[in-house]
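> Attaching a predicted model along with its sequence, questions to come.
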Amino acid sequence: MFTSRFGIEIEFTGITRNDAAKVAADFLNGTVTHTGDYYDTKKVTAPDGRVWKFMSDGSISCQKKQGRQKVAATRDYSVELVSPILTYRGDIEILQELVRQLRHAGGFANNSCGIHIHLNGSDHSPRSIRNFMNIIASKNDLFYKALQIAPERMSYCKKMDSLLVEKINRRKPKTMEAIESLWYEGYSESTSRHYHSSRYHFLNLHSFFTGNHTVELRGFNSELHAGKVRSYIVLALALNHQALTQKCASAKKPQAENEKFAMRTYLNRIGFIGEEFANCREHLTAHLDGSAAWRFRAA
C-alpha cells in the first residue's frame, strides 16, 4: 500500500506565511519565491526541484500567541502547506521533521484548520471507486468519532451521502462517466467550478473527475504533531489500497458494541500490523470507547 503517491495539505496559523516559508527553506536547503497571486503563495523550491507551497486559506481563523494566550491575528497568519507529490518510504521522515520545525517556530492548528490528503487516482477503476465510497460509508460513524472532527469543520467534510451510496449500489455503474454523472446529480452549479459544493465531503471525488485526477480525503483535523500526521497518511494509503484490491465492499455499517476493539481489528486487517504502526494504532483509537484487547466486557 506504500507504493501509491500522495500529496498533503496542512492548514495552520500561529506564524505568517513568510515565516513558514523561511522555516521550510532553511530545513530543505531551498529557495523562496513570492508569487504575488490571489493566495499570496510562497514557493519553496528544494534542491531536488520539488516545490512546497505556503498559501492563504479563507476558512482559517487566524491567531497568534501572545504570552500564554492565543489572540486574533491578521490574514498573514493564514497558512496552508501544500506538499509536492510524495512517497511514503521516501518522504515521510522529511515531512514529519518539517512539521516539527513549523511547530517549534510557533505554528499551531485550531478548530478551523484541516488536513487534506490527495491520493493518486491513476490506478482506480469504476469498481475500486465504488469500493471506496462503500468503505467510507460503512465506517462513517467510527471514523468521525476516532478522528474527533471539530463541529466547526463539519461543513467542509460532510459524511458520505447515503442517497448517493444507495444509488451507486443499486445501479452498479460500470464506467467512470456513469459514476461521475451520479456524483454530480442534484447539483445545479457547473462541474468545472473548482470550489464545487460536492467536494466538501470526507471522500471528495470532485478532484478525481476534474483537475489533478486525485482522490481526496478531507476528514482530518489539522495537527502539527508529526506522529498524528503520519497516522492520517497511513490510514489514507491503507483505505486506498483496500479500495483498489478488494473485489467488493459493502456500505453496511457493522455493529460496534466495542468501538476501540472494532477499530483496532479493522486497522490490522487493512495493514496496520506490527511495531512500526503501533503509534498509528494508538492515535487512531485513542478517542474511542471500549477495550482494544477484548471485544466483550466479560472476557
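Now that the structure is in, tell me what you want to look at. All of these numbers come straight from a predicted model, not from anything done at the bench.
> going forward, measure contacts and count neighbours with C-alpha atoms only.
Will do.
> Packing partners of the longest helix anywhere in the chain?
For the chain, the helix with the greatest residue count under DSSP state H is helix 226-245. Under the contact criterion of 3 or more C-alpha pairs under 8 Å, 6 or more residues apart in numbering; DSSP states H and E, the helices and strands touching helix 226-245 comprise helix 88-104, strand 114-120, helix 126-138, helix 278-285.
> partners of the second one, with directions?
In this case it means strand 114-120. Strand pairing for strand 114-120, using DSSP bridges, gives strand 6-12 (antiparallel), strand 214-221 (antiparallel).
> What is the neighbour count of the closest residue to residue 237 other than its chain neighbours?
Residue nearest to residue 237 in three dimensions, not counting chain neighbours: residue 1, with 6.1 Å by C-alpha to C-alpha, 6 or more residues apart in numbering. The number of residues packed near residue 1 is 17, by other C-alpha atoms under 10 Å.
> doesn't residue 241 make contact with residue 1?
Yes. Under the criterion of C-alpha atoms under 8 Å, residue 1 makes contact with residue 241 at 5.3 Å.
> okay if I get the strands paired with strand 114-120 as CSV plus distance to residue 265?
Converted to CSV, the strands paired with strand 114-120 look like this (distance: least, C-alpha to C-alpha, whole Å):
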stretch, distance to residue 265
strand 6-12, 25
strand 214-221, 21
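> want to try TSV for these, with mean pLDDT as columns?
Converted to TSV, the strands paired with strand 114-120 look like this (pLDDT from 0 to 100):
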stretch	mean pLDDT
strand 6-12	98
strand 214-221	96
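> Go through these and name the closest to residue 141.
Between residue 141 and the strands paired with strand 114-120, the shortest separation by C-alpha to C-alpha is 11.8 Å, and it involves strand 214-221.
> And the closest one, how far out from the chain middle?
The gap between the average C-alpha position of strand 214-221 and the chain average comes to 3 Å, counting by C-alpha atoms, centre = their mean, to the nearest Å.
> And stretch 100-120, by the same measure?
Here the centre of stretch 100-120 is set off from its chain's centre by 11 Å, with C-alpha atoms, centre = their mean.
> repeat for stretch 113-128
The chain centre lies 10 Å from the centre of stretch 113-128; the measure is C-alpha atoms, centre = their mean.
> what's that stretch in contact with?
Judged by C-alpha atoms under 8 Å, 6 or more residues apart in numbering, the contacts made with stretch 113-128 from elsewhere in the structure are 4-12, 59-61, 153, 173-176, 179, 208, 213-223, 233, 236-237, 240, 243-248.
> Quick check on those residues: which are buried?
Restricting the contacts of stretch 113-128 to buried positions leaves 4, 6-12, 60-61, 153, 173, 176, 179, 208, 213-223, 233, 236-237, 240, 243-244, with burial counted as 16 or more other C-alpha atoms under 10 Å.
> Quick check: residue 189 touching residue 195?
No. Using C-alpha under 8 Å, residue 189 and residue 195 do not qualify as a contacting pair, with a distance of 10.1 Å.
> Skipping adjacent residues, who's closest to residue 89 in space?
For residue 89, the spatially nearest residue (C-alpha to C-alpha, 6+ apart) is residue 2, at 7.0 Å.
> Am I right that the one you found is in contact with residue 87?
Yes. A contact is recorded between residue 2 and residue 87 when judged using C-alpha under 8 Å, the distance being 7.3 Å.
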